[in-house]
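Chemist: sequence and predicted model, in that order:
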Amino acid sequence: MKRLKMVPALILALVVLTQAQPDPEQKGSKMEQLMGMKKMDVHMHIKSDQKYLFDFMDKWNFKFCSVVTSAKGFRDIQGQIDNAKKLVGKYPRYYAWITSFDATTFESEGWAEKVIAQLREDFKNGALGVKVWKNIGMEIKKANGEYLQLDDPVFTPVFEFIAAQGKTLLAHMGEPIHAWMPTYFTKEGVGRNYWAKRPEYSFWDKPDKPSYSDILAARDHVIERHPDLRFVGAHLGSMEFDVDEMITRFEKYPNFAVELGGRTRYFMWQAKGKVYDFFMRYQDRIMYGTDRGSSLVMSDEQKTETYKELEYRNSLFMRYYATAEEIPWGNIISGDRPRPKPTYKVSALDLPMEVLEKVFYKNAVHWFPGIDKDYK
Ligand SMILES: [Zn+2]
């Protein structure tokens, strides 16, 4: 039954894929230049060494930064670290990595010292930064029953160490604001199928949980308290619904930047002129990231599908940033993830080439020094 349902989606994806291919005859177009130039995807999760990923990176000129995450559905942190070290050691042209640590044991004896020792080792092995995840803020509780927030003093020595080592903190804090809204309010069911599967991260009907603004305020305290720490907000810093939210922070905190983390569609739902100005004005603070990757175990069919999906998504996103086209867009609620399905057209941003070079490459080199190893 599931298989049957997949067929129309597959056909549709193929139709869209065909449409999404850039016109190779457009010699010298920005899309052609963007395709040809070196690019970074700073937010990937590479769980297994797969040939299709190299095929994609060679054809589309990408290097991936694989992010270790202490999230549900991921293997244990040490397993991810070992995998990332192996990949990056073997293929420095193709992969960089960002490490993470276990925050759930934060009340155990000598926790910060142990985390620092682990990070020291990971940095020696080339980790460019450290990821913290939304379990801090939304899930982990202190002995007194309060939710542990990112500005808890327990993290201070860890953040000071990361800053002193010249590394970067990548923070996925909270969720899109829609997680605090009744699902019937959310445009096109934003994230609805994600939260349907993971109701523990949908807080709209849970008044005892921390609020969106409490979680972001705690995050902001850390950015403010550690001006020497390069702080990158994953998924547009969970402020994807309104560029003004990002602007407020960019104006306050010179050490703050964001990566897209697969949130391009939220720009499409805001006034185009406003989004364009946002990119022009903060062109040094935004990085390209798609939050895709590979699974631990994959069938041949899944590999083919995932490769197609990589091409499909990236070509659509690149067209949105680089061209002046009307791009077919839309979301359907099916399966585990929002799967783009064209139901309306989006007017693309047509950003200047210098801005595209920053968003797709140069900013990653600035905010994650060393990411361009063997890919300069
Ligand atoms: Zn991710």
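Modeler: Structure received.
Chemist: could you use CA atoms for every contact and neighbour count after this?
Modeler: Will do.
Chemist: following element in sequence after the helix or strand containing V346, please.
Modeler: Per DSSP states H and E, V346 falls inside strand 339-347. Counting by DSSP H and E, the next helix or strand C-terminal to strand 339-347 is helix 353-357.
Chemist: got the CA coordinates for that next one in CSV?
Modeler: In CSV, the C-alpha atoms belonging to helix 353-357 read as follows (Å, rounded to 0.1, in the frame of the first residue of the first chain):
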residue,chain,number,x,y,z
MET,A,353,27.1,36.9,-8.1
GLU,A,354,29.3,38.4,-5.3
VAL,A,355,26.5,37.6,-2.8
LEU,A,356,26.1,34.1,-4.0
GLU,A,357,29.8,33.5,-3.7
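Chemist: in the stretch 151-300 of the chain, where is pLDDT below threshold?
Modeler: 183-193 (pLDDT under 70).
Chemist: what about the strands in it?
Modeler: Secondary structure of the stretch 151-300 of the chain (DSSP state E, counting those that start in this stretch): strands at 168-171, 230-233, 256-259, 286-287, 292-294.
Chemist: paired strands for the second one, with orientation please.
Modeler: The sheet places strand 230-233 alongside strand 168-171 (parallel), strand 256-259 (parallel), with pairing taken from DSSP bridges.
Chemist: export those as TSV, with columns for mean neighbour count and distance to A112.
Modeler: Shown next, in TSV, are the strands paired with strand 230-233 (neighbours: other C-alpha atoms under 10 Å; distance: least, C-alpha to C-alpha, whole Å):
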stretch	mean neighbour count	distance to A112
strand 168-171	25	16
strand 256-259	25	24
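Chemist: could I get those strands as JSON lines with distance to Q50?
Modeler: Listed next are these as JSON lines, based on distance: least, C-alpha to C-alpha, whole Å:
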{"stretch": "strand 168-171", "distance to Q50": "25"}
{"stretch": "strand 256-259", "distance to Q50": "24"}
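Chemist: E146 is nearest to which of these?
Modeler: strand 168-171 (20.5 Å; C-alpha to C-alpha).
Chemist: distance of the spatially closest residue to W195 that is not a sequence neighbour from A324?
Modeler: The shortest distance from W195 to any non-neighbouring residue, by C-alpha to C-alpha, 6 or more residues apart in numbering, is to S202 (5.7 Å). Distance of S202 to A324, given as C-alpha to C-alpha, to the nearest Å: 36 Å.
Chemist: could you do R230 as well?
Modeler: From R230 to A324 the distance is 33 Å (C-alpha to C-alpha).
Chemist: right, so of the strands paired with strand 230-233, which gets closest to K51?
Modeler: Closest to K51 of the strands paired with strand 230-233 is strand 256-259 (C-alpha to C-alpha; 25.9 Å).
Chemist: could you dump the closest one to CSV, C-alpha only?
Modeler: Written as CSV, here are the backbone C-alpha positions of strand 256-259 (Å, rounded to 0.1, in the frame of the first residue of the first chain):
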residue,chain,number,x,y,z
PHE,A,256,26.4,35.9,15.2
ALA,A,257,25.6,34.3,11.8
VAL,A,258,23.1,31.8,10.5
GLU,A,259,23.0,28.9,8.2
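Chemist: gap between that strand and the chain center?
Modeler: How far strand 256-259 lies from its chain's middle: 10 Å, per C-alpha atoms, centre = their mean, to the nearest Å.
Chemist: residues making contact with that strand?
Modeler: 42-43, 223, 230-237, 249-250, 285-289, 367 (C-alpha atoms under 8 Å, 6 or more residues apart in numbering).
Chemist: likewise stretch 203-214?
Modeler: Residues outside stretch 203-214 that contact it (C-alpha under 8 Å, 6+ apart): G137, M138, Y147, G174, E175, I177, A179, W180, M181, P182.
Chemist: buried residues in that stretch?
Modeler: Across stretch 203-214, burial judged by 16 or more other C-alpha atoms under 10 Å covers F203, K209, P210, S211, Y212.
Chemist: relative to F256, how far out is the fourth one?
Modeler: Meaning S211. Following C-alpha to C-alpha, the distance that separates S211 from F256 is 22 Å.
Chemist: what of the last one?
Modeler: For Y212, the distance to F256 (C-alpha to C-alpha) stands at 19 Å.
Chemist: then M298?
Modeler: From M298 across to F256, the span is 36 Å (C-alpha to C-alpha).
Chemist: same check, this time on D82
Modeler: 29 Å.
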